[in-house]
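**Q** build me a structure from this.
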Amino acid sequence: MDVESLRRLSGGASRESWSFDTVGADGIPTGLVLRRDPGGYLGTTDRSTEYDLLRVAAAHGVPVPRVRFVLEPADDLGVGFVMDRIEGETIARKILRDDEYAPARAVMARQCGEIAARIHAIPEKSLPPLPVQSAADQVDQFRGYLDGFGEPHPAFELGLRWLAEHAPRTGTGTETRSTLVHGDFRNGNFVVGPEGIRSVLDWELAHRGDPVEDLGWLCVKSWRFGVPGRPVGGFGQYAELLAAYKAAGGATVDPGQLRYWEAFGTLKWGVMCEIQCFTHLHGLVRSVELAVLGRRVAEMEWDLLELIG
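**A** Model prediction:
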């Protein structure tokens, strides 16, 4: 068997994705993707866990690539796995603007609700070990990040206080449910064709927590990519998303819950932009892209104030 057309896919300075074809004796190519952590990379979710999540998600009707195998130490390629390559578009601006994807835009909010409901319905006993991250835990986590910058951000400080005061409890009974959370469920991590979403990618931030976190992150203004009139990923409306989510078996989501997690996602992305900018400024990774993310911080502060105001 021969390997052809090997190329690194965009995104990820330490965590890598490589596209390639395998060609057997019949001459027919099979499109595959290698997801790997080179060397001794230490991440919060390793590639074997991501492999297990994809396998479980597929078994519960979530559109994800078929996983093939996990790398062994003898392969000398680091830690990773191989999955099928799903053809389609992942660049959000093309999905939101090109005529080819107009039919997809008409159905993607509904599809997101249905897919999210399937993710959140996966039984806990089926999942690999995952961290539990409540709203309060994550507020504390991002407060720690912000304190480490050594520079003032009054809007973020106000946002952290608001988020702490309004944080939902995660548990059972009258509290918020705890389910599998994808962690990065948004436009840009979907493979899309003219008919809509073909696959959900990038499960490396998955954890257990409040399922509404995924819906709120999807609605963060940054993931609308310049289409402000459609708050769900730049392609849909809140009512479409929540109605489809409920119809597919998800819980009824109060608009206030969704607003909370949209606000949290806005703060989270703002702090992440600053982290990535500091990575460039401190010389850890020299990158114009990382440097430019620093200017996004002020945009996130403005968006956050609008949400909590």
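
**Q** Provide the secondary structure category for Met83.
**A** Per DSSP: H, G, I helix; E, B strand; the rest coil, the local secondary structure of Met83 is strand.

**Q** what's next to stretch 27-40, contact-wise?
**A** With contact meaning CB atoms under 8 Å, 6 or more residues apart in numbering, stretch 27-40 is reached by 4-5, 9, 14-24, 43, 46-47, 50, 65, 68, 71, 77-85, 87. For glycine as for every other residue, the C-beta is placed from the backbone atoms N, C-alpha and C.

**Q** just the buried members of these?
**A** Buried members of the contacts of stretch 27-40, scored by 16 or more other CB atoms under 10 Å, are 15-18, 20, 22, 47, 50, 65, 71, 77-83, 85.

**Q** which residues touch Ala135?
**A** 163, 167-168, 170, 209-210, 213, 260-261, 264 are the contacts of Ala135 under CB under 8 Å, 6+ apart.

**Q** measure the residue most central in space within the chain to Ala263 for me?
**A** What sits nearest the mean C-alpha location of the chain, by CA atoms, centre = their mean, is Asp184, with 1.2 Å. Per CB to CB, to the nearest Å, Asp184 is found 18 Å from Ala263.

**Q** could you do Ile119 as well?
**A** From Ile119 to Ala263 the distance is 22 Å (CB to CB).

**Q** before we move on, what about Cys273?
**A** On the measure of CB to CB, Cys273 and Ala263 end up 16 Å apart.

**Q** swap in Lys221?
**A** In this structure, Lys221 and Ala263 are 11 Å apart, going by CB to CB.

**Q** kindly report the same for Gly24.
**A** For Gly24, the distance to Ala263 - CB to CB - is 51 Å.

**Q** and the buried ones among the contacts of stretch 27-40, which of them are in helices?
**A** Those of the buried ones among the contacts of stretch 27-40 mapping onto helices are 47, 50, per DSSP state H.

**Q** other residues contacting stretch 56-64?
**A** Here stretch 56-64 makes contact (CB under 8 Å, 6+ apart) with 54, 66-67, 115, 118-119, 121-122, 126-128, 197-201, 203.

**Q** what average pLDDT does it get?
**A** What stretch 56-64 shows for mean pLDDT is 98.

**Q** give the buried residues for it.
**A** 56-57, 62-64.

**Q** gap between the two ends of that stretch?
**A** The first residue of stretch 56-64 is 10 Å away from its last residue (CA to CA, to the nearest Å).

**Q** got it, and stretch 195-205?
**A** End-to-end distance for stretch 195-205, by CA to CA: 27 Å.

**Q** again, but for stretch 232-252
**A** Note: stretch 232-252 ends 17 Å apart using CA to CA.

**Q** remind me which residues of the stretch 101-250 of the chain are low pLDDT?
**A** Filtered on pLDDT under 70, the stretch 101-250 of the chain yields the residue ranges 170-176.

**Q** cutoff 90 now
**A** 148-152, 168-177, 228 (pLDDT under 90).

**Q** Met1 - how many residues pack around it?
**A** Counted with other CB atoms under 10 Å, the neighbours of Met1 add up to 7.

**Q** and it, what's its pLDDT?
**A** With respect to pLDDT, Met1 scores 72.

**Q** skip the chain neighbours and tell me the closest residue to Phe69.
**A** Using CB to CB, 6 or more residues apart in numbering and skipping residues adjacent in sequence, the residue nearest Phe69 is Val82, 5.7 Å away.

**Q** ok, that neighbour - contacts?
**A** Going by CB under 8 Å, 6+ apart, Val82 touches 32-35, 67-69, 71.
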